[in-house]
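In: Below is the sequence, then the predicted model.
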Amino acid sequence: MDASTVVIDVRTPSETALGILEGAVEIDLNSPLFGNAIEHLDRSVAYVVYCRSGYRSGVAVNVMKGLGFANPINGGSIEDAAELTGLPIVSP
């Protein structure tokens, strides 16, 4: 992961209220606005996506691949993504 990588948290607002990776963008997979938010992201940037367990981030990564994103990475759970990215978990 380099400095241009964007980290996306696809958990619900009640989950992100408990902590989020520093600098992560919140895009709730369960929100009706999810598709629109993902559609407007820059496809030339690298992405790491995480959630609580890795399931929703996997769904989000598949959606992103279907929209033409080069290689979004499923970061798994917030703890896994923290280890992968080196970012701390902070209060929002």
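Out: That came in fine, so what should we check first?
In: Longest helix in this protein, please.
Out: Longest helix in the chain by number of residues, with DSSP state H as the criterion: helix 55-66.
In: mind checking which helix or strand of the chain has the lowest mean pLDDT?
Out: Among the helices and strands of the chain, helix 34-39 carries the lowest confidence by mean pLDDT, DSSP states H and E, at a mean of 95.
In: what packs against the helix or strand that that helix is followed by?
Out: Once helix 34-39 ends, the next helix or strand along the chain (criterion: DSSP states H and E) is strand 47-51. Under the contact criterion of 3 or more CB pairs under 8 Å, 6 or more residues apart in numbering; DSSP states H and E, strand 47-51 touches strand 6-9, helix 55-66, strand 73-77, helix 78-85. Where C-beta positions appear, they are placed from N, C-alpha and C, glycine not excepted.
In: What angle do strand 73-77 and strand 47-51 make with each other?
Out: Interaxial angle of strand 47-51 relative to strand 73-77 (axes from the mean of the first three to the mean of the last three CA atoms, to 10 degrees): 30 degrees.
In: Taking helix 78-85 as reference, get the angle to strand 47-51.
Out: If you take the same axes, to 10 degrees, strand 47-51 sits at 160 degrees to helix 78-85.
In: coming back round to it: got a list of contacts for the longest helix of the chain?
Out: The contact list for helix 55-66, computed with CB atoms under 8 Å, 6 or more residues apart in numbering, reads 8, 10-11, 27, 29-30, 34-35, 38, 41, 47, 49-51, 72-76, 81.
In: Of these, just the buried ones, ChimeraX syntax please.
Out: Per 16 or more other CB atoms under 10 Å, the buried members of those correspond to this ChimeraX selection:
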select :8,10,11,27,29,34,38,41,47,49,50,51,72,73,74,75,76,81
